[in-house]
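Novice: Provided below are the primary sequence and the corresponding predicted coordinates.
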Amino acid sequence: MFFVATYVHNGYFDGMILLTLSVSLPSLSPPSCGPGVKEEDCNLKATPFQVGFFYFALYVIAFGNGGTKPNISSMGADQFDNFEPRERVQKASFFNWWMRSVFTGVLFANTVMMYIQDNVGWDVGYGIQTVGLGLALLAWEALLSTVIRRKQGVPTQGWPKW
């Protein structure tokens, strides 16, 4: 299961790379009409290839997100034993921290990243998000060797007790 999650997470990262490229490279992004030209007066449109590349990147992200979101919290919760009172409390704490980090990420994305994308550029905004996701993927793969799936009756050597 962990290897499937890592593969899907890599797909999510690949989609972010493709999306960043679609807004960064001139050959993959629609031409600009220039400053001072209203959108309705602009007759420059994206090519079918540019539109297709953009939507392909979005579909790859959707696939990766659909595989990551529902599974990652379950795999984290699987590290706690429900039959141990101390670990039951730690499991509840895990979910609290998990949701807190998800909502903090949403807040950051809807404030700071939107500001950067609107005032600095879409390429910088998506670039920051792609680098952040890449660092998270590296951390996940570095920790993958320490994460084990618990089985009832099997000792959990090597897993840190919080």
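Specialist: Sure thing, it's come through.

Novice: centre of the chain versus the helix or strand hosting Leu138, how much separation?
Specialist: In this structure, Leu138 sits in helix 122-143 according to DSSP states H and E. With CA atoms, centre = their mean, to the nearest Å as the basis, helix 122-143 stands 8 Å off its chain's centre.

Novice: contacts for that helix?
Specialist: When contacts are defined by CB atoms under 8 Å, 6 or more residues apart in numbering, helix 122-143 is touched by residues 6, 9-10, 12-13, 16-17, 19-20, 23-24, 109, 113-114, 116-117. C-beta coordinates here come from the backbone N, C-alpha and C atoms, glycine included.

Novice: Phe53: neighbouring residues, count only.
Specialist: If you count neighbours by other CB atoms under 10 Å, Phe53 ends up with 20.

Novice: what packs against the helix or strand containing it?
Specialist: Secondary structure assigned from DSSP H and E places Phe53 in helix 48-77. Applying 3 or more CB pairs under 8 Å, 6 or more residues apart in numbering; DSSP states H and E, we find helix 48-77 packed against helix 2-24, helix 85-108.

Novice: again, 10 Å this time
Specialist: helix 2-24, helix 85-108, helix 122-143 (3 or more CB pairs under 10 Å, 6 or more residues apart in numbering; DSSP states H and E).

Novice: average pLDDT for the shortest one?
Specialist: Confidence over helix 122-143 (mean pLDDT, whole number) is 86.

Novice: on that earlier part again, just want the angle from the helix holding Phe53 to helix 122-143.
Specialist: 30 degrees (axes from the mean of the first three to the mean of the last three CA atoms, to 10 degrees).

Novice: Report the central residue of the protein.
Specialist: Leu133 (5.4 Å; CA atoms, centre = their mean).

Novice: which one of the contacts of helix 122-143 sits closest to Cys42?
Specialist: Distance to Cys42 across those (CB to CB) is lowest for Val23, with 17.5 Å.

Novice: The nearest residue to that closest one once chain neighbours are set aside and Ala142, how far apart?
Specialist: Nearest non-adjacent residue to Val23, counting by CB to CB, 6 or more residues apart in numbering: Trp122, 4.2 Å away. To Ala142, Trp122 is 30 Å away according to CB to CB, to the nearest Å.

Novice: Between the two, point out the one with more neighbours.
Specialist: Taking other CB under 10 Å, Trp122 and Ala142 do not tie; Trp122 has more neighbours (16 against 9).

Novice: Tell me who's in contact with the closest residue to Val60 other than its chain neighbours.
Specialist: Spatial nearest neighbour of Val60, chain neighbours left out: Gly15 (3.3 Å); criterion: CB to CB, 6+ apart. Each residue near Gly15 by CB atoms under 10 Å, 6 or more residues apart in numbering is listed here: Phe56, Ala57, Leu58, Tyr59, Val60, Ile61, Ala62, Phe63, Gly64, Asn65, Thr130, Leu133.
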